[in-house]
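> predicted structure and sequence below. I'll ask about it afterward.
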Amino acid sequence: MQDRKADIVLSVGTDMKFLPLVLSFTESSSRIFGLEDRDALKLTLASEEMFAYLCGMTGEARPVTLTMKNGFYYALLRFAFDNIDFDPRAFNLTANVSPDEEGLGEMGLLIASRSVDRMSIFHDPLEGTGIYLIKEKTYPEVEPWKSEEAPDGEGLSYGPPDVEDLKMFVRSIAGRYDPFVYPQDLRYPGKVVDMVASGEYGVLTATDRKGRMAGGMTWRSTGTSTIECYGPYVFVEKGRQDVGEGLVAALISTVARSEAICLMNRYPTAELPPGYFEKLGTIDFVLKGERRPWDFLFRELKEDPGCRVYAHAGMEDFLKTRYKRHFLAREIVPVKYEGERQNPHSVFGARFQHSQNLVVLSPLWDGADARENLARHIEVLKAEGIANILFRIDLGHGWHARLYPVIEANGFVPSIVIPYQGKADWLFFTLRD
Amino acid sequence: MFDVPLNKLVPEYIKKFEAYIPSRPDPELMRLYKVDHLWRLNNNENPLGPPEGSARVIAEFPPKRASIYPSGDSWYLRVKLAEKFDLDPDQIVFGNGANEAIAFVIKAFCQEGDNIITADKTFAVYEWVAAFSGFEARLVPLKDFGFDDEGMLGRIDERTKILFVCNPNNPTGTYWDEARLRRFLDRVAGRQIVVVDEAYCEFVEADDYPDAMKLLKEYPNLVTFRTFSKMYGLAGLRIGYLAGSRDVVDVIRRTCIVYSVNGLAQEAALAAIGDDDHVVRTRRHVNAEKAYLLEELANLGVETHAGEGCYVMARLPVSDTLVYRQLMAKGVMIRTMTGFRFPNWIRVSIGVHEAMEDFVRGLGETLSDREATL
Ligand SMILES: Cc1ncc(COP(=O)(O)O)c(C=O)c1O
């Protein structure tokens, strides 16, 4: 498990006189956590952009806490404000920019996002409000491996592999599977070892009677309510569904008593046995210039207690169809905007995942300018070359659902409902072509 | 208003722990799933209800008595049970359900760094209470659906404090016979506490099934759990107990919560003790319905597993959590078994015949409508 005590913390005011302190904090702590020079420098650059930007946005100095976390395969730098007593607009990707002045490329948050692997804007009672930047370590790429003689897959036992077996597992996947059926992280054996050590990822392998590896699966928890799994990857002769089934059953048993409510499979293989997952839908992703349909498979790990969800009339039919198809008991409460007073400014969160050329937008603050603000987000992200833009709302928040006309007017269509991801189900929208 | 600094107040092991979410009340579920009735086949409750004597006590309970504190340590119950099992009343501790007794025992014996040992696929509360309290739960895989004695003995180390054996096991219905339990206790040789959870013992008719109460004299490290929730149909009143040697129970009593068992529960339980008629009628019902259920499930081509106890396991060709939702929409609530580490299995409690019929019909329809699945 990741040692939480290892966090390194710096509390300063948003005042440029602290910039040198912020820079040396970021640089030395990211080196302590194992980033190489080049990566440490990039994160330092991002922290410079971010800090300068926040100083500019907050006007007078406000206390901000920088926390560097050791993720083993990455360093995470978080800028957090306990309370936001200044204009929250600062947290928009599009803030402080007028396209005709500096050009779209001159936004602090955007520049910061370019030199890291993941970036996210958050706003939540436990964590506060802020932004985190993740810079991953650089690892040597996998040397694919395929055994001469495939194991026969008899007398299998399942369990977590040791470090050497873990690397062999990673090399075997590369040796046998198309890169589109496993996450890119799995192209780096050393990274996978660190990912598992961080406690964020799990790996389970099947070993036959003679101690040979017959296959495996990996998973990671994404938030508290969901676990994402990949595979099963099977190294015995083709057509052996039983190995796949053994792996899936062992994986489910491993995570069954965890906090998670849902198990998603984002990279199913041909060896995935029927009957374990339900298909929630398909999203077309653009990866390396190629359009790829991406199936969202899921199963619940717990008994569905049913819940109440908020829906704008425009998305009600979609939701009803999906809930019926998946036998989800949901009480749909209609909501709409009825002329009530609004804050002038909205804020949208943006979660960057550069390896997938993906940004997920979500509402953080409601505001009268939501429609234009969202339009600018899309414009900026497209100019940035992001090919996959999703919009996500939590149907447990009435005001999220009320945003439907804003979302729809910006070219989004409802695409996939994933049960119990937040306060209630999440609804993902994709951009209409 | 103050911001509560939860991040700083909450211990790490609690942050990691997930609160048990019991299912919503029936009327809520019925409203959400749009059904006008709901068969509860998920909690192994007794479809015949409590014994007649208990039913009378409950019906006639004088409301005024609700304002009076009950016996803080279930005095009359302990006296009556001590007589029945030939024990000293001080060898018995009552709890708000056997679940509370699990917490008493773990609290009494475990401290930081200690561990308990049980099976991977058994009643979850031993593992939960241990994890929730910050202790390691070592889980030994079942062998042929039963507790693996050798496997459990092999996991004992100097920090092991308690071994939990569910006999018969919920959910698999397997049990250790007397010889096997004795062998196990002999091997442990008093070094750790051995808990034998006999929540379903009154359902077992086999001659070789051990009665842990009778073994207490020989094994001072043995503790047994019993409950009034299953055979005696008092689950709603929450009452169960543990029994062990005087010395061990004296220690456990230090952690127990006095007055946690309410007066109505105590009186109803008192009236249930010794009602053999009720036990015979319940067994007859369970046996007949179990046979019916197993036959019907076989007709549907579904693999089953059943042993002792008032429940049956069935392995489905689809996700158990999906089938749960589908059956709920038909007014039948079963237990999914992913949480028992049996993915795609369900556990069905024996209910009244009409409920069994509804379940079989509902499952049949569900299996022929598999469009939503992969
Ligand atoms: C094996 C086992 N032990 C203990 C209990 C808890 O019983 P009680 O209702 O007395 O808390 C149950 C209830 O399901 C059980 O199955």
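The structure has been received and is ready for your questions. Predicted model, so just to flag it, every value in this text is computed and none were measured.
> which residues are in contact with stretch A:174-190?
Under the criterion Cβ atoms under 8 Å, 6 or more residues apart in numbering or on different chains, residues A:139-146, A:166-167, A:170-171, A:173, A:191-192, A:195, A:218, A:230-231, A:233, A:235, A:266-269, A:287, A:292, A:355 lie in contact with stretch A:174-190. Just so you know, the C-beta spots here come from the backbone N, C-alpha and C atoms, and that holds for glycine as well.
> report the buried members of these.
Buried subset of the contacts of stretch A:174-190 (neighbour count, 16 or more other Cβ atoms under 10 Å in any protein chain shown): A:139, A:142, A:145, A:166-167, A:170-171, A:173, A:191-192, A:195, A:218, A:230-231, A:233, A:235, A:266-269, A:287.
> how about the strands in the stretch 201-350 of chain B?
B:222-227, B:240-244, B:303-305, B:311-315, B:332-336, B:345-349 (DSSP state E, counting those that start in this stretch).
> helix, strand, or coil at the closest residue to chain B within the stretch 101-250 of chain A?
Nearest residue of the stretch 101-250 of chain A to chain B (Cβ to the nearest Cβ) works out as residue A:249 at 5.3 Å. At residue A:249 the chain is in helix, as set by DSSP: H, G, I helix; E, B strand; the rest coil.
> show me what contacts it?
Going by Cβ under 8 Å, 6+ apart, the list of residues near residue A:249 reads A:276, B:343-344.
> do the same with residue A:49
Contacts of residue A:49 by Cβ under 8 Å, 6+ apart are A:108-109, A:111-112, A:115.
> nearest residue to residue A:252 in space, please, no chain neighbours.
residue B:343 (4.0 Å; Cβ to Cβ, 6 or more residues apart in numbering or on different chains).
> also residue B:231?
residue B:202 is the one closest to residue B:231 (Cβ to Cβ, 6+ apart), at 3.8 Å.
> pLDDT at the one you found, what is it?
Note on residue B:202: pLDDT of 97.
> cool, residue B:12 as well?
Taking residue B:12 on its own, its pLDDT is 65.
> also the one 3 residues further on?
According to the per-residue confidence, residue B:15 scores 64 in pLDDT.
> distance of residue B:241 from residue B:46?
18 Å (Cβ to Cβ, to the nearest Å).
> show me what contacts the residue in the stretch 51-200 of chain B that the ligand sits nearest to?
The ligand sits closest to residue B:97 of the stretch 51-200 of chain B, with a gap of 2.6 Å, by Cβ to the nearest ligand atom. By Cβ under 8 Å, 6+ apart, the contact set of residue B:97 is B:227, B:229, B:235, B:238-240.
> which phi and psi does it have?
phi 90, psi 160 (degrees, to the nearest 10).
> which of the helices and strands in chain B ranks last by mean pLDDT?
Of all helical and strand segments in chain B, the minimum by mean pLDDT, DSSP states H and E falls on helix B:12-16, at a mean of 64.
> can you list the domains in the chain?
In the absence of a named chain, chain A is used. A:8-138, A:157-300, A:303-360+A:388-404+A:412-433 (automatic domain parsing).
> wait, I meant chain B there
If you go by automatic domain parsing, chain B breaks into B:6-50+B:277-368, B:52-272.
> circling back: same list (the domains of chain A) but as a markdown table, adding distance to residue B:149 and mean pLDDT.
What follows is those, written out as a markdown table (distance: least, Cβ to Cβ, whole Å; pLDDT from 0 to 100):
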| stretch | distance to residue B:149 | mean pLDDT |
| --- | --- | --- |
| domain A:8-138 | 39 | 85 |
| domain A:157-300 | 20 | 91 |
| domain A:303-360+A:388-404+A:412-433 | 32 | 92 |
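> next one: residue B:226 from chain A, what distance?
Distance, residue B:226 to chain A, by Cβ to the nearest Cβ, to the nearest Å: 25 Å.
> surely that residue is in contact with residue B:234?
No: when contacts are counted by Cβ atoms under 8 Å, residue B:226 is not listed as touching residue B:234 (12.0 Å).
> quote the end-to-end distance of stretch B:314-323.
12 Å (Cα to Cα, to the nearest Å).
> how far is the host helix or strand of residue A:232 from where the chain is centred?
Assigned by DSSP states H and E, residue A:232 belongs to strand A:226-234. Relative to its chain's centre, strand A:226-234 lies at 16 Å (Cα atoms, centre = their mean, to the nearest Å).
> partner strands of it, with direction?
Take DSSP bridges as the rule and strand A:226-234 pairs in its sheet with strand A:213-221 (antiparallel), strand A:262-268 (parallel).
> which one of these is the most hemmed in?
strand A:213-221 (a mean of 25; mean count of other Cβ atoms under 10 Å in any protein chain shown).
> next one: that one to chain centre, how far?
With Cα atoms, centre = their mean, you get 19 Å for strand A:213-221.
> between the domains of chain A, which one is closest to residue B:159.
Set against residue B:159 and scored by Cβ to Cβ, these come closest in domain A:157-300, at 21.6 Å.
> that closest one: end-to-end distance?
25 Å.
> cool, stretch A:275-293 as well?
OK, stretch A:275-293 end separation, Cα to Cα: 21 Å.
> contacts for it, please.
In contact with stretch A:275-293 (Cβ under 8 Å, 6+ apart) are residues A:180, A:245, A:248-249, A:252, A:263, A:265, A:268, A:294-299, A:322, A:326, A:356-358, A:387-388, A:390, A:415-418, A:428, A:430, B:316-319, B:322, B:343-344, B:372-374.
> and for stretch A:356-365?
With Cβ under 8 Å, 6+ apart, stretch A:356-365 has contacts from A:88, A:91, A:121, A:123, A:285-287, A:343, A:345-353, A:370, A:374, A:377, A:381, A:385-394, A:399-400, A:403.
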